[in-house]
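# Could you work out the structure for the sequence below:
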Amino acid sequence: ALFKAYPAEALDVLLRGVRADNAELRSSSLLLLPRVAAKDPRALDAIEQATKDKIFDVRHSAHVARFRARDRLDEYLRYLIR
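Numbers count the residues shown, from 1 in each chain. Next up is the predicted model:
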């Protein structure tokens, strides 16, 4: 979050992080994905899949990431209220 630009390889690293066994790594990777590649179909798919993760923190991070990637406050508010 400290950088304004990321190297192209950052997306692949974060996508691997989203699939990691460690839930904290999955959550952290999800929160960075919209900053690195908000419109990349692979990033959007990874975020969408993570909304179904077995760990609540990962699911929550996925919803936050989805809001940041899509910039859809209405979707995020529905999630929070639910």
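
# Just the CA atoms of stretch 74-82, as CSV, please.
The C-alpha coordinates for stretch 74-82 follow below in CSV (Å, rounded to 0.1, in the frame of the first residue of the first chain):
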residue,chain,number,x,y,z
ASP,A,74,-23.9,-0.3,-2.8
GLU,A,75,-22.6,-3.9,-3.0
TYR,A,76,-20.3,-3.4,0.0
LEU,A,77,-23.0,-1.8,2.1
ARG,A,78,-25.3,-4.7,1.4
TYR,A,79,-22.5,-7.1,2.5
LEU,A,80,-21.9,-5.1,5.7
ILE,A,81,-25.6,-4.9,6.6
ARG,A,82,-26.2,-8.6,5.9
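
# what's in contact with that stretch?
Contacts of stretch 74-82 with the rest of the structure, by CB atoms under 8 Å, 6 or more residues apart in numbering, involve 63, 64, 66, 67. All C-beta spots, glycine's among them, are computed from the backbone N, C-alpha and C.

# Which one of these sits in the busiest neighbourhood?
Counting neighbours by other CB atoms under 10 Å, residue 66 comes out on top of the contacts of stretch 74-82 with 21 neighbours.

# how far is the helix or strand hosting that residue from where the chain is centred?
Secondary structure assigned from DSSP states H and E places residue 66 in helix 56-70. Taking CA atoms, centre = their mean, to the nearest Å, one finds the center of helix 56-70 at 5 Å from the center of the full chain.

# counting contacts, what elements does it pack onto?
Using 3 or more CB pairs under 8 Å, 6 or more residues apart in numbering; DSSP states H and E, the elements in contact with helix 56-70 are helix 23-37, helix 41-50, helix 73-81.

# how about residue 57, what does it touch?
23, 24, 27.

# Would you check how far apart the closest residue in space to the first one that isn't next to it in sequence and residue 69 are?
Beyond its immediate neighbours in the sequence, the residue positioned closest to residue 23 (CB to CB, 6 or more residues apart in numbering) is residue 55, lying 4.4 Å away. Distance, residue 55 to residue 69, by CB to CB, to the nearest Å: 20 Å.
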